[in-house]
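[1] I'll drop the sequence and a predicted model, then ask my questions.
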Amino acid sequence: MTEHADFAPLVLKLLKGPLYYDDPIWGELLVLQRKTADYLSRIGLELVLSEAEGFAFITQKDGQEEENLPRLTPRRPLSFEVSLLAILLREELERFDPDKSDSLKVFISLSQIRDKLRVYFPDSGDEVRLIRDLDKHISVLERLKYIRPVSAELKSDDPRYEIQPIMKARVTPEFIDEFKSKLTGGEK
C-alpha cells in the first residue's frame, strides 16, 4: 500500500466537489485533515475546511498559471441571473437565526426562490417560460452543490431546498461588491 492510500478516497471525493458534515467520509477528513492538506498543497491545491459550518472543498490559488500549473478546472463566471440568485440565497443564509430554530440547517421552498428572483425579471406575459428560466438558474446552483433538494420532498408541488453553508465561502463579500458595482455601472 502506498503512503497516500489512507486519504486517497478523501482527495478523490473532494476533487469531485464540496464535502459536507453529513457525508460518511467527513470524520475521516477531520482526522486526516493535515495530511490531506499537505498532499494537496504539493500539487498546487488548497483544502478549505470549516468544521464549524460543516463543509470542505478544494480550491486552486490564483496566479498559478504563471508558475506553469494549469487550472484544475477552467474558471467560468456565473451568469448574471445565477449570480443574483446566489447572492439572494446567501442573504437568506445570513438572516437565519439558529436560536429561533430546531435545526442548524436553512431551508427555502422552490416557490420562495422563484418569488425572490421573479421581481428582477421583466413581466413578459409568458409565465411558463419565466418559470422554466427561473428553474434553470436554480438547477445551476444545485449542480454547484450550493443548494440541495430535500429528498423527501422531491415529488412535492413545492419542494424545499437546503441552502448549503458553503455559500458563505463561495459567495464572498468581495463577490457581492463586484456584482453590485457591475449593477451600478450598467454592466450585465
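    The structure has been received and is ready for your questions. Remember, it's a predicted structure, so these values are computed and weren't measured experimentally.
[2] all helices of this protein, in order?
    Using DSSP state H, the helices found in the chain span residues 8-16, 26-31, 33-42, 80-95, 110-118, 127-143, 166-170, 173-185.
[3] please name every helix or strand in contact with the last one.
    Yep, that's helix 173-185 we're talking about. In this structure, helix 173-185 makes packing contacts with helix 80-95, judged by 3 or more Cβ pairs under 8 Å, 6 or more residues apart in numbering; DSSP states H and E. No exception for glycine: its C-beta is placed from N, CA and C like everyone else's.
[4] could you check the angle the helix it packs on makes with helix 110-118?
    Relative orientation of helix 80-95 versus helix 110-118 (axes from the mean of the first three to the mean of the last three Cα atoms, to 10 degrees): 120 degrees.
[5] which ones are touching the residue sitting nearest the centre point of the chain?
    In the chain, the C-alpha nearest the mean C-alpha coordinate belongs to residue 146, at 2.9 Å (Cα atoms, centre = their mean). The contact partners of residue 146, by Cβ atoms under 8 Å, 6 or more residues apart in numbering, come to 86, 89, 163, 164, 166, 167, 170, 171.
[6] can you list the low-confidence ranges for this protein?
    Counting by pLDDT under 70, the ranges of the chain that qualify are 1-5, 62-68, 73-75, 97-103, 152-154, 186-188.
[7] let's see that with 50 instead.
    Within the chain, the segments meeting pLDDT under 50 span 1, 188.
[8] picking that back up, quickly note the distance from the residue nearest to the centre of the chain to residue 118.
    Counting by Cβ to Cβ, to the nearest Å, the separation of residue 146 from residue 118 is 20 Å.
[9] do residue 36 as well
    Here the criterion is Cβ to Cβ. By it, residue 36 lies 42 Å from residue 118.
[10] show me which of these two is the more surrounded one.
    When residue 36 and residue 118 are compared for neighbours, residue 36 comes out ahead with 23 against 14, by other Cβ atoms under 10 Å.
[11] I'm done for today, thanks for sticking with me.
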